[in-house]
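Asks: Sequence and computational prediction follow.
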Amino acid sequence: MTVLSPEPVQGAPTSELVLSMRGIDKNFGAVQALTAIDLDIYSGEVVALVGDNGAGKSTLIKILAGVHPKDGGTITDGDKSVTINNPAESGALGIATVYQDLALCDNLDVVANLFLGHELGRGTIDEVEMEKRSWELLRQLSARIPSVRIPVASLSGGQRQTVAIARSLIGDPRIVILDEPTAALGVAQTAEVLNLIERLRERGLAVVLISHNMADVQAVADRIVVLRLGRNNGEFKVADVTYEDIIAAITGASDNAVTRRAQARVGSPEAADDAVPPPDVAPPEEARP
């Protein structure tokens, strides 16, 4: 299985390195959650972060979001090293995170949710301007919201996810992190959210997608980074990797000594180099001098 380095995305508005993480470590007491993790994030690209439960995906994005400080390694923005110790510092770097629970206020309408904490106006809230900007933002994303004045509680799962993603764009971020955006959605709603991710890429944003759904990942991602047991276990271009390769990296099958011996038996040159040699066995009597 060949690991491929990232390349500029065809057709993207830009494709430059936005943020780089090198050697990221994180401990929770005696538990080593992350060990020497590397991750590059490019503008105009969707990078999928995949792995089994406990692989370290959520811990890594929470370091980017400022929820957990890293214990080791470096985060580089351009040519300068940066620290992310809290959500405010994450936001200042242009990082917006949409968590799986969305954190929407069901009793408020779409406009109020989009501008919650960022209301427009001096002295009094400018409801007219906020509604105007809400429609502009939703149109840019090709969002299917019937009205911006209905309570969020009355929206479908896909529409709620759209509102959460649109809210993350209010501060003009460079990086949008989406944590399992289609986990609880039906087929039609999932397609709606995947189209929305395409719109984010077309706007030149860097998108980090965390998902267990390999069909979704292969549909919208440009690059896949696999984590296993808190470590990097592969990086692939979606166009050049198979579903089986991804699953093998997630489960560790590709690092399995039994698998390497099996590949060596069928004549794989790479596998033969890494294959575990059989123990020394005395030659049969017929072969002895």
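Replies: Good, I have the coordinates.
Asks: okay, CA-based contacts and neighbour counts for the rest of this
Replies: Fine.
Asks: Could you tell me how many residues sit around the nearest residue to Val98 once chain neighbours are set aside?
Replies: Distances taken as C-alpha to C-alpha, 6 or more residues apart in numbering place Leu178 nearest to Val98, at 5.1 Å, with adjacent residues excluded. Neighbour count of Leu178, defined by other C-alpha atoms under 10 Å: 24.
Asks: Touching, Leu178 and Leu102? I think so.
Replies: No. Using C-alpha atoms under 8 Å, Leu178 makes no contact with Leu102, being 9.8 Å away.
Asks: Could you tell me whether the residue nearest to Val98 really is in a helix?
Replies: No. According to DSSP: H, G, I helix; E, B strand; the rest coil, Leu178 belongs to no helix; its state is strand.
Asks: Where do the strands of the stretch 151-289 of the chain begin and end?
Replies: 175-179, 206-210, 223-228, 231-237 (DSSP state E, counting those that start in this stretch).
Asks: per-residue pLDDT, the residue lying closest to Arg144 once chain neighbours are set aside?
Replies: Spatial nearest neighbour of Arg144, chain neighbours left out: Gln159 (7.0 Å); criterion: C-alpha to C-alpha, 6+ apart. Per-residue confidence (pLDDT) for Gln159: 88.
Asks: how about Gln159, what does it touch?
Replies: 143-145, 189 (C-alpha atoms under 8 Å, 6 or more residues apart in numbering).
Asks: What distance do you get for the residue nearest to Val98 to Ala92?
Replies: According to C-alpha to C-alpha, to the nearest Å, Leu178 and Ala92 sit 18 Å apart.
Asks: Now the two most distant members of the contacts of Gln159.
Replies: Farthest-apart pair in the contacts of Gln159 is Ile145 and Gln189; separation 12.4 Å (C-alpha to C-alpha).
Asks: hang on, the earlier thing: any chance of the strands of the stretch 151-289 of the chain in CSV, with mean pLDDT and distance to Arg149 too?
Replies: Shown next, in CSV, are these (pLDDT from 0 to 100; distance: least, C-alpha to C-alpha, whole Å):
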stretch, mean pLDDT, distance to Arg149
strand 175-179, 94, 25
strand 206-210, 95, 28
strand 223-228, 94, 38
strand 231-237, 92, 42
